[in-house]
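In: Predicted structure and sequence below. I'll ask about it afterward.
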Amino acid sequence: MENVNGRTQTDELVVVFGGTGFLGRRAVRHLRRREFSVRVASRHPDRGRELFGSDPRIESIEVNIHSEPSIARAVADAYGAVNTVSLYVERGQETFHSVHVEAAHRIAAQAQQAGIERLVHVSGIGSDATSSSLYIRKRGEGESAVRAAFAGAIVVRPAVMFGPDDTFITTIITLLRRFPIYPMFGQGLTRLQPAYVEDVGEAIAQVLQGSETGATFECGGPRVYSYKELVGVLARAAGVKPILLPVPFAAWHALSRILAILPSPPITRHQVALMQVDNMQSPEMPGFEQLGISPRTVEEILQTMLRGH
């Protein structure tokens, strides 16, 4: 199989930053199916070796995304790079700005300097540099920082992702099974368009294989749910009938401030802020359809997740 430059993909190496993470490891597997060699760049290379076994065309290395020399070593001699690194809870020097803006810019700059041909930066639907939410704002600033360093970078914005071992649907199911009353965010009216993580991994591989540069793809699933509708779907599948209790967002914000003293709070103010905003693909933006992917619904994957749960 040849790419647009006439070289075979078996000759091409793609570096996946965060390649042991929830999305990153799926991207690695989809890239391998397309005959790319993959360098998994993460903080825990042993984890990469556990995940991908003895495949001679998957290399796991340790990388520090806050170090230019470390990133430079990771991208050396590579054809493409994918940044799937994300942060949902700030801890010490690991802040939304340091990860989503500074490190993203550092990866893009080193990729440009190394002569990388294709760079994919994973962001998120709704990313907005003018948002009042710190998390959403830094995601938006990160996209701009990446494009400033690597003009042809392709941005992939998934909707909220789900799949086995996720922290979204799995958490809801756990709570539904544990408690007879389920506290909802507000009236449960926030609209969500969940994307199956394997479909997003396939989208990343498609983008790496293509020839388009500088584009932004928004990857939302085939169905839009209100939060209340989604909880109902999960409850029926799990065989439970909870009482759905609306809880005002003001109460959630107050709770998140109290829980912030914990080392790993179960809910943060940034997560509450995200649940106040619809998470849906813009109709003007290209997405799964333009990449030739038929995304799967929550219902199609749910039974597999419940068996694993």
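Out: Nice, I can see it.
In: which residue ranges form the helices in the stretch 151-300 of the chain?
Out: Across the stretch 151-300 of the chain, reading from the start of the chain, the helices by DSSP state H, counting those that start in this stretch fall at 169-178, 197-209, 227-238, 249-259, 269-274, 298-308.
In: ranking these by burial, who's on top?
Out: Relative to the other members of the helices of the stretch 151-300 of the chain, helix 197-209 carries the highest mean neighbour count by mean count of other CB atoms under 10 Å, namely a mean of 24. For the C-beta atoms, the positions are set from N, CA and C on the backbone; glycine is no exception.
In: Put the alpha carbons of it into PDB.
Out: Backbone C-alpha positions of helix 197-209 (Å, rounded to 0.1, in the frame of the first residue of the first chain) are rendered in PDB as follows:
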ATOM      1  CA  VAL A 197     -13.500   5.300  21.200                       C
ATOM      2  CA  GLU A 198     -12.700   2.700  18.600                       C
ATOM      3  CA  ASP A 199     -14.400   4.800  15.900                       C
ATOM      4  CA  VAL A 200     -12.300   7.800  17.000                       C
ATOM      5  CA  GLY A 201      -9.100   5.600  16.800                       C
ATOM      6  CA  GLU A 202     -10.100   4.700  13.300                       C
ATOM      7  CA  ALA A 203     -10.600   8.300  12.400                       C
ATOM      8  CA  ILE A 204      -7.100   9.200  13.600                       C
ATOM      9  CA  ALA A 205      -5.700   6.400  11.400                       C
ATOM     10  CA  GLN A 206      -7.700   7.500   8.400                       C
ATOM     11  CA  VAL A 207      -6.400  11.100   8.800                       C
ATOM     12  CA  LEU A 208      -2.800   9.800   9.000                       C
ATOM     13  CA  GLN A 209      -3.400   7.900   5.800                       C
END
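In: what does that helix contact?
Out: Helix 197-209 is touched from outside by 3, 9, 14, 22-23, 26-27, 29-31, 33-34, 36, 80, 82, 84, 118, 120, 122, 154, 156, 158, 161-163, 166, 217, 219, 221, 288, 291-293, 295-296, with contacts defined as CB atoms under 8 Å, 6 or more residues apart in numbering.
In: that older thread, quick one, which of the helices of the stretch 151-300 of the chain is nearest to Tyr135?
Out: Evaluated with CB to CB, those place helix 269-274 nearest to Tyr135, the distance being 4.1 Å.
In: Could I get the average pLDDT for that closest one?
Out: Helix 269-274 shows an average pLDDT of 88 in the prediction.
In: likewise stretch 18-28?
Out: Averaging pLDDT residue by residue across stretch 18-28 gives 97.
In: now do the same end-to-end measure for that stretch.
Out: For stretch 18-28, the first and last residues are 10 Å from each other (CA to CA, to the nearest Å).
In: Please tell me how far that stretch is from the chain's geometric centre.
Out: Between the centre of stretch 18-28 and the centre of its host chain there is 9 Å, according to CA atoms, centre = their mean, to the nearest Å.
In: still on that earlier bit, list only buried entries from the contacts of helix 197-209.
Out: In these, burial by neighbour count holds for 3, 9, 14, 22-23, 26-27, 29-31, 36, 80, 82, 84, 118, 120, 122, 154, 156, 158, 161-163, 166, 217, 219, 221, 288, 291, 293, 295-296, counting by 16 or more other CB atoms under 10 Å.
In: number of nearby residues for Glu284?
Out: 6 (other CB atoms under 10 Å).
In: do you know how far it is from Pro295?
Out: Glu284 sits 18 Å away from Pro295, taking CB to CB, to the nearest Å as the criterion.
In: before we move on, what about Val120?
Out: Taking CB to CB as the criterion, Val120 is separated from Pro295 by 18 Å.
In: What's the local residue count around the closest residue to Lys228 other than its chain neighbours?
Out: Spatial nearest neighbour of Lys228, chain neighbours left out: Gly188 (2.9 Å); criterion: CB to CB, 6 or more residues apart in numbering. Other residues lying near Gly188 total 20 when counted by other CB under 10 Å.
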